[in-house]
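**Q** could you look at this predicted model? Sequence included:
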Amino acid sequence: MKRVSFIAIAWLALLAQAGSVAAEPSAGAKPAASEDVDVQVELQAARKELLALVAREAVVIPDRPDAEETAPAVRSGVPPSMTSQAPPPRKAAPAPQRTRLDWLEGLRLPDLPVRWDDRLVRMLEYYRTDARGRAVVRGLLMRKGRYGALLTAKLRAAQLPEDLVYLAMVESAYDPRAKSDAGAVGVWQLMSAPAGAYGLDISRWVDERMNVSRSTDAAVQYLRDLYTDLGSWPLALAAFNMGSGALVRSMQKYNSNDFWLLANLEAGLPYETVSYVTKVSAFAIIGKNPGRFGLADVAPDPPIETAEVALPGGTSLAKVARAAGIDLAQAQALNPELKRGRLPPDVKTWSVRIPKDRLAKFRDKWASAGNGLPPYRTYVMKLGERVSDVADAYGTTVSKLLKLNDLPEGASVRSGAKLLVPDVEPVTRADPEMPAVGVLGDRFVYSDRKRVFYRVAEGDELREIAEFFKVTPDEILLWNRVSHDCKLQRGMFLQLFVPLATDLTQAIVLTPNEVRTLVVGSEEFFNFHETQQNRVRLRYKVKAGDTLKSIADRFELSVGSIARINRFSRDTKLAPDSEIIVYAPEPPAKKR
């Protein structure tokens, strides 16, 4: 009894395509040569023979695309019964359900290469015969109407296969806000690294991966480069899914650039990637032949037609919505890349989308309202700067400044962050007094460096500070009394010797003339700090009969304080004529 293999199915599809070409010559085509006619006759005869064979013997197709394969795991090129991989004898299983595949004849094929293997046929059968599978594809084909024309036009302009539009169907179901657990975002599910490499802006204000037009431009360039580097669309699609680095490592390991060979090797490619490439082919075939899958009646969603208007950076999206006569939710849906409810403030203008039929109304209302530049400007946080410093400089409060920038109360803003601030001239407030900084007694001299002092801000790390000032972490440890094992605390000062060419305009630093340096442990150091507490530091000579308790009472201290100052136990017995340190309240003469 004859059996139809999947190789025969592949030939059937190719012959069906050839037959379609022969049956429907293009307008203006020249008459075929006699040998071409003979080839067409042979192809048609072969196709009829295969169709007859299919009609007599149906091919076994599992009901679901994820059905288990029964082929042996290891194939050595010889019959399994002659190898150590021969499976043990088993009882005959009930005859599986058989499905006819003559419906494959005459399918319109996409402009992407199609590999007719069992994975693809199982997947097509699932979406054709399973009610749930057909419902999924129906919804996807409907959503394709929203952005399909835009995506196809950009692919065509780049001279890429237009059916790559179905890649976006697989990636995100054409949802601009789609986000994966791995961090991929947008219609094309781009990761941040390739998105940035292809010119998309990703910041705390905007993520252009959710801008359908801009992200499609980036995806088109990315796909073109992958195809140029790898040479085939199956490999390019696999790299788009799993990353080109991982794919190339697999190709080097198995010494092959054949996607389908890698797909069938143990640990050759991730199962998800092989399924991903197959699904792109399946969706493209279904999209080309909806009638074959019971989807001829699908009505695509109408395309989202918008108009773009350039507005000043920092403009509130709520204000745009009011001028366009739409609600804020609709404005956000048309501009999903705007993360903070306003246009990014660090640009002069930004293009925002509104419904195309509202453009004239928007222009009239926007102009009549006298809208110009918003009363805000952009400020870049400096290293060592606090939000309270910025709020004071621009005449506002920390709470209002955080709210303006859509930040939660207590948020820590790092250096380099761009904040929206009131458009007023900043006020520089000098410190009320020169800060005192404790330093080492060692003296450091460099001919090619300058000495500065940096006040540690919340969240500062030694590595980041060293990188900004173009020094090493070990040098900072050498110049200061700090440990690399512990976190730096806000308000500490670091003594730095930075290269003369270092740009210090983006950091809050003080020169040696702006601080009072005190050698830690010196008399000057202790006297200064006790003076700040309205106390005086004294050396007291112990007399016979003195105890820690009596001395503590005399100088209005606690026993614990004296023990801490002198670094001994509270139970210490004081010897006459020994000397201890006490901190006495002013005026000291009254306490002697």
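**A** Done, it's in. All of these numbers come straight from a predicted model, not from anything done at the bench. Numbering: from 1, shown residues only.
**Q** find the nearest non-adjacent residue to the residue positioned nearest the centre of the chain, please.
**A** Residue closest to the mean C-alpha point of the chain, counted by Cα atoms, centre = their mean, is S192 at 3.9 Å. Nearest in space to S192, with sequence neighbours left out and distances taken as Cβ to Cβ, 6 or more residues apart in numbering, is I202 at 5.7 Å. Placement of C-beta: from N, CA and C, glycine included.
**Q** just checking, the one you found touches M191?
**A** No - checked against Cβ atoms under 8 Å, the pair I202 and M191 is beyond contact range at 10.3 Å.
**Q** before we move on, back to that, state the distance from the residue nearest to the centre of the chain to Y276.
**A** 20 Å (Cβ to Cβ, to the nearest Å).
**Q** please apply the same query to R156.
**A** Separation of R156 from Y276 (Cβ to Cβ) stands at 24 Å.
**Q** compare those two (neighbour count), which wins?
**A** More crowded of R156 and Y276, by other Cβ atoms under 10 Å: Y276, with 19 against 12.
**Q** contacting residues for that one?
**A** 170, 237-238, 241 (Cβ atoms under 8 Å, 6 or more residues apart in numbering).
**Q** could you list the buried residues of the helix or strand hosting R214?
**A** In the assignment (DSSP states H and E), R214 maps to helix 212-230. With burial defined by 16 or more other Cβ atoms under 10 Å, the residues of helix 212-230 counted as buried are 212-223, 225-227, 230.
**Q** following that helix, which helix or strand shows up next?
**A** Defined by DSSP H and E, the subsequent element after helix 212-230 is helix 233-242.
**Q** who's in contact with that next one?
**A** Under Cβ under 8 Å, 6+ apart, the answer for helix 233-242 is 112-113, 115, 161, 167, 222-223, 226-227, 230, 247, 257, 259-260, 269-270, 272-273, 276-277, 280.
**Q** filter the residues you listed down to the ones in helices?
**A** 167, 222-223, 226-227, 230, 247, 259-260, 272-273, 276-277, 280 (DSSP state H).
**Q** can you list those in CSV and add distance to A296 and pLDDT?
**A** Putting those into CSV (distance: Cβ to Cβ, whole Å; pLDDT from 0 to 100) gives the following:
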residue, distance to A296, pLDDT
L167, 24, 98
Y222, 34, 97
L223, 30, 97
L226, 34, 97
Y227, 33, 97
L230, 36, 96
L247, 38, 96
F259, 33, 96
W260, 32, 94
E272, 31, 94
T273, 32, 96
Y276, 27, 96
V277, 27, 97
V280, 22, 97
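**Q** from those, pick the one nearest F528.
**A** Distances from F528 to those, taken as Cβ to Cβ, are shortest for Y222 (61.6 Å).
**Q** where's that closest one relative to R249, distance?
**A** 19 Å.
**Q** and T228, by the same measure?
**A** 19 Å.
**Q** close enough to count as contact, Y583 and N566?
**A** No - under the criterion of Cβ under 8 Å, Y583 is not in contact with N566, lying 10.9 Å apart.
**Q** the two: who's more crowded?
**A** When neighbours are counted by other Cβ under 10 Å, Y583 and N566 differ, and Y583 comes out ahead with 18 against 15.
**Q** what pairs with that one across the strands?
**A** As for beta bridges, Y583 partners with R537 under DSSP bridges.
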